[in-house]
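Chemist: Fold the stuff below for me.
(2 chains)
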Amino acid sequence: MTYADCLRSAVIALRANLLRSILTSLGIIIGISSVIAMVAIGAGAESRVKESIESLGSNIMIVLNGSRTTGGARGGTGSNTTLTEEDAQALQRDIPAVEVAAPAVQGRFQLVFGNTNWSTSIYGITEEYMIARNWQIDQGRAFSEMEYRGAGKVVLIGSTVAEKLFPGEDPIGKVIRINKVPVQVVGVLVTKGQTPFGQDQDDTAFIPLTTAKKRVLGGRWVKSNLVGSITVKVRDADDVGGAEKEVTTLLRQRHRIPEGGQDDFNIRNISQFLAARAESTRVMGILLASVAAISLIVGGIGIMNIMLVSVTERTREIGLRMALGARRRDILTQFVVEAITLSLLGGLVGVALGIGGSHLIAETGEWPVLIEPQAIMMAVGFSAAVGVFFGFYPARKASKLDPIDALRYE
Amino acid sequence: MTTPLLRTEKLSKTYRIGGGDVRALVDLSIAIPKGEMLAIMGPSGSGKSTCMNLLGCLDSPSAGSYWLGGEDVSQLDSDALAHIRNEKVGFVFQQFNLLARATALDNVELPLTYGRVPRRQRHEKAEKALAAVGLGDRMDHRPSQLSGGQMQRVAIARAIVNSPQVLMADEPTGALDSRTGAEIMALFQRLNAEGITVIVVTHDAQVAAHARRILRFHDGRLVSDEAVAEPVRAAETAAAALPEAA
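Modeler: Here you go, the predicted structure:
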């Protein structure tokens, strides 16, 4: 018997018990569609976490000033300003794993434009900061070399600030005041959205580091080389841990901290935290998919069940086929093909439902989903495998029947 | 006389049921020439079914030898027996055993699919076989759309489609009324006249009377083997049972 004959007789047999065939496939349909949907949800969540890592700037750690203890009272992070611009230069120069080390100062100020105003975080930055945090310009331009070095009266604003201060207006070229210092808006930053922690990354404004120190912050900052933080970008994500140790060692050396002494700085390693989060998202995705896979196995057992019933019901048919010259192998093939047809059809319907369901989840739940072609191919292959695996035992049982007993079976 | 088509030598079958042995067939030695029309008779449990299963290569003997068409088939494995059944033996059963979901043509083609006959040849052969049993106009009917006699004709077409050397019929008229039964017997006689060896297993003496030779079994042994002087002409009985044709 050729495979085409087997397939033909399988389709005839399955059509003869249409409702039963559909109900049996339902197990596979549910299994496959939920695997597809769950994998899509898992992949979507993973890609969203990856995106937010990208938006923070990949592979970064932030070095902050340490705390000072005055008469028993310990100040918080940053109360003991010891980091310098030279520290940043040294980190970038002396540690090969470090791509850039960007010094920055930060403060919260009221921005005033005409009769509107908005309070936001102002960062005094260098060009390296733009690289480290992966900031791009949406409109206008970045700061020039001259503006960075010569305390230019210019500002880059985030999209949230642009909306608040210039609703419906073009902000480029407008002059705003930060702490009474007039600065000109030269560019608007590309929207990054929220951090994974819920902070609005676009509610910010950048001015050159020199401008911040000399004109905005003033006071003790004017003549000092001190900075509020150093953002370090590491070349390779896998090096972040090692680089952190090297940064610590180098800074302790530069700050002449004796063996056993407390660090006078803090290192915040965000990307590592996010990597862990990405990992946990991935694990969640795998868990979801495995739960779905279990339902697929349950579907397979349903197929086995129905095939066993079918073999019993068709005992006489099997005996007849044997009397007419079917070898055991022919009977085995016939029933395995029938089981595969059942599971594969269920698999294909399941794929369609899974894709549809994923889109529905994406639209109604605003949940990111990502359907990967490999997941679909795997699902189809898996459903065929389920047919072979769960169809084999009933088929073998059929092929082992004695033709005389089978013919006499009532 | 040439070599017989079927020959058995001390053919025996012993079943093991529970603790004891049941000797279903004991030392059967017969020769059946080509073109014979033979009836096997006996009460239930006499060994006639076992005899048919062995002669039809559905079962292997416990002892003894069996030659079918000159080939010793008593030692073959199940795949080889399947091949012999496919090519050399045609079966007709009491309950017709047609596939309910398939058309008459598909049913008749079934043995050919196991013989790996190409599709177009299958159609031709099946159509010819159906025409030979007088059902050339019912090829696309399903068993449920056919009468009992027609279903048995489809089964006979299926049995002869592969031009077998022997046709084995197990109570072929058991599920039919007497007139239809006579028609079926007439068909067997016609096929036999065309050269097919026919073996009919029955407990019904009237059916057996259509054969030219009757074997009687009792308790697993052949008790008589006699020729029938004047076999009943089934075509005449069938015609006589039809009032309007009389």
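Chemist: burial of residue A:182, as a residue count?
Modeler: Residues lying near residue A:182 (other C-beta atoms under 10 Å in any protein chain shown) number 12. Any C-beta I mention is one placed from the backbone N, CA and C, and that applies to glycine too.
Chemist: and the nearest residue to it once chain neighbours are set aside, how many neighbours?
Modeler: The shortest distance from residue A:182 to any non-neighbouring residue, by C-beta to C-beta, 6 or more residues apart in numbering or on different chains, is to residue A:175 (5.2 Å). Using other C-beta under 10 Å, residue A:175 is surrounded by 12 other residues.
Chemist: And for residue A:170?
Modeler: Neighbourhood size, residue A:170 [other C-beta under 10 Å]: 12.
Chemist: where does it land in three-state SS?
Modeler: Per DSSP: H, G, I helix; E, B strand; the rest coil, the local secondary structure of residue A:170 is coil.
Chemist: check contacts around the residue nearest to residue A:182.
Modeler: Residues near residue A:175 by C-beta atoms under 8 Å, 6 or more residues apart in numbering or on different chains: A:113, A:182, A:183, A:184, A:185.
Chemist: buried subset of those?
Modeler: Buried members of the contacts of residue A:175, counted by 16 or more other C-beta atoms under 10 Å in any protein chain shown: A:113, A:183, A:185.
Chemist: What is the nearest of those to residue B:199?
Modeler: Of all those, residue B:199 sits closest to residue A:185, with 106.1 Å by C-beta to C-beta.
Chemist: Am I right that that closest one is in a strand?
Modeler: Yes. The assignment for residue A:185 (three-state DSSP) places it in a strand.
Chemist: beta partners for it?
Modeler: Note on residue A:185: beta-bridge partners by DSSP bridges are residue A:155.
Chemist: Quick check: it touching residue A:155?
Modeler: Yes. In terms of C-beta atoms under 8 Å, residue A:185 counts as a neighbour of residue A:155; the distance is 5.6 Å.
Chemist: list the residues that contact both of these two?
Modeler: Shared contacts of residue A:185 and residue A:155 (C-beta under 8 Å, 6+ apart): residue A:176.
Chemist: Any stretches of chain B with poor pLDDT?
Modeler: Flagging of chain B using pLDDT under 70 yields the residue ranges B:1-2, B:241-246.
Chemist: For stretch A:5-12, what does the pLDDT average out to?
Modeler: Predicted confidence along stretch A:5-12 averages 86 (mean pLDDT).
Chemist: Does chain B have contacts with it?
Modeler: Yes. Judged by C-beta under 8 Å from any C-beta of the partner chain, stretch A:5-12 and chain B are in contact via A:5, A:12.
Chemist: Now do that stretch: everything it contacts.
Modeler: For stretch A:5-12, contacts defined as C-beta under 8 Å, 6+ apart pick out A:333, A:334, A:337, A:338, A:341, B:101, B:102, B:113.
Chemist: Report all helices and strands that whichever strand or helix holds the fifth one contacts.
Modeler: For residue A:341, the host element (DSSP states H and E) is helix A:328-364. For helix A:328-364, the elements it packs on are helix A:3-16, helix A:18-56, helix A:270-313, helix A:315-323, helix A:373-399, helix B:78-88, judged by 3 or more C-beta pairs under 8 Å, 6 or more residues apart in numbering or on different chains; DSSP states H and E.
Chemist: Burial-wise, tell me which of those comes out on top.
Modeler: Of these, the one with the most neighbours on average (mean count of other C-beta atoms under 10 Å in any protein chain shown) is helix A:315-323, at a mean of 23.
Chemist: what about that one, near chain B?
Modeler: Yes. Helix A:315-323 reaches chain B (C-beta under 8 Å from any C-beta) through A:316, A:317, A:319, A:320, A:321, A:322, A:323.
Chemist: Give me the contact list for that helix.
Modeler: Outside of helix A:315-323, the residues within contact range by C-beta under 8 Å, 6+ apart are A:311, A:330-331, A:334, A:398, A:401, A:403-409, B:56, B:58, B:82, B:85, B:91, B:93, B:95, B:97, B:99, B:110, B:114.
Chemist: Who are the contact partners of residue A:99?
Modeler: Contacts for residue A:99 (C-beta under 8 Å, 6+ apart) come out as A:59, A:92, A:131, A:132, A:233, A:234, A:235.
Chemist: now, the most widely separated pair of those?
Modeler: Comparing all pairs in the contacts of residue A:99 by C-beta to C-beta, the longest separation belongs to A:59 and A:92, at 14.2 Å.
Chemist: These two - which one has more neighbours?
Modeler: More neighbours surround residue A:59 than the other of residue A:59 and residue A:92, with 24 against 18 (other C-beta under 10 Å).
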